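>>> show me the folded form of this:
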Amino acid sequence: MKHIYDCEYKNVTSSLASIAGVLAISGDKAARLVSRLEAMGLVSSHGNALALTAEGRSYALRIIRVHRLLEHYLADETGLHETEWHEEAERQEHRLAPGEADALAARMGNPGFDPHGDPIPTATGDLPRPSGMPMTDLEDGGIGTIVHIEDEPPTVYAQLVAQGLYPGMQIRMVESTRDRIRFAANGEELVLAPLLARNLTVRRIPAEEKLEGPRRTLASVEGGEAAVVVGISRACRGQQRRRLMDLGIVPGTKIAAEMESIGGDPTAYRVRGALVALRKHQARHVFVEPEIKEA
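Reported below is the predicted structural model:
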């Protein structure tokens, strides 16, 4: 039902074949499943196309709301890796009653979006229309902001996560061809296959606005060098973000790289008089600028 709603939301057709594909089940099993949903008055079929009834749409929206609230909770309140948020939310989404979902939303400040950039339905079922375009549609030289990262299938999402991509990241398209998508982000040039890039939705930045300049990260600070923290990446969430802040790694803090382990990872940094060991993947989340020494 979530799949059928998602197809309706994106104005594409859902079918027995698409349900079998997304659930990784046989066509016969998908047919039996849809027959049960039709008997329950939740789904209707029109030729090969499937649609939700009013009751089915209401139920689907409730489950989508719970799922995305859970993903937000898992991202901001736990140390679960981002590639595990979706699967864990799928396991828990049917266990949360509407009242419990409302309480969870209130506790988190009634967030409007989940960590992948998907809008979270309100308690009354309101949901904004989709916005943005696939990254593959951004013209060469165009600049935009990533507003959504598709988290299915998991293997594709894991590859996007490994590239350090996240909602809110600004990009500049360098080259878009049938074979590759080449773009700049956070001062680095990245390359994706078009199949992967189509799982990223971007919102074009007007020409009069400027793309943020390259941002240096703590991982690039060499031994004996000092810098000042200017921010923490939006990709760093939950317990990992809180740990950095608890260590005093907040905007304005002076931080110096003092020593590396034999293998080069982790590195020991001096922060507020204490030595703190951070691995490179953690240090890449911390944006810094050179320390300005007084004359």
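>>> hang on, residue 75 packs against residue 86?
No - between residue 75 and residue 86 there is no contact under Cβ atoms under 8 Å: 10.6 Å. The C-beta positions use only the backbone N, C-alpha and C, and glycine is treated the same way.
>>> distance between the ends of stretch 38-47?
For stretch 38-47, the first-to-last residue distance is 14 Å (Cα to Cα, to the nearest Å).
>>> residues contacting it, please?
Residues from elsewhere that reach stretch 38-47 (Cβ atoms under 8 Å, 6 or more residues apart in numbering): 1, 4, 34, 37, 50-53, 55-56, 59.
>>> from those, pick the one nearest residue 277.
If you rank the contacts of stretch 38-47 by distance to residue 277 using Cβ to Cβ, residue 1 comes first, at 47.0 Å.
>>> now that closest one: how far from residue 102?
Distance from residue 1 to residue 102, counting by Cβ to Cβ, to the nearest Å: 21 Å.
>>> how about residue 254?
The gap separating residue 254 from residue 102 is 44 Å, by Cβ to Cβ.
>>> circling back to that earlier point, more crowded one of residue 1 and residue 102?
residue 1 (20 against 16; other Cβ atoms under 10 Å).
>>> related to what we said a few turns ago, of the contacts of stretch 38-47, which belong to helices?
4, 34, 37, 55-56, 59 (DSSP state H).
>>> mind putting these into JSON lines with pLDDT?
Listed next are these as JSON lines, based on pLDDT from 0 to 100:
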{"residue": "4", "pLDDT": "94"}
{"residue": "34", "pLDDT": "94"}
{"residue": "37", "pLDDT": "95"}
{"residue": "55", "pLDDT": "96"}
{"residue": "56", "pLDDT": "95"}
{"residue": "59", "pLDDT": "93"}
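>>> what subset of the residues you listed is buried?
4, 34, 37, 56, 59 (16 or more other Cβ atoms under 10 Å).
>>> what's the first helix or strand after the one helix or strand residue 74 maps to?
Taking DSSP states H and E as the definition, residue 74 sits inside helix 54-77. Next helix or strand after helix 54-77 toward the C-terminus (DSSP H and E): helix 85-92.
>>> just the C-alpha atoms of that following helix, please, in CSV.
What follows is helix 85-92, C-alpha atoms only, in CSV (Å, rounded to 0.1, in the frame of the first residue of the first chain):
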residue,chain,number,x,y,z
TRP,A,85,17.1,3.5,9.4
HIS,A,86,14.7,2.3,6.7
GLU,A,87,14.7,-1.4,7.6
GLU,A,88,14.4,-0.7,11.3
ALA,A,89,11.5,1.7,10.7
GLU,A,90,9.8,-1.0,8.5
ARG,A,91,10.0,-3.4,11.4
GLN,A,92,8.4,-1.0,13.8
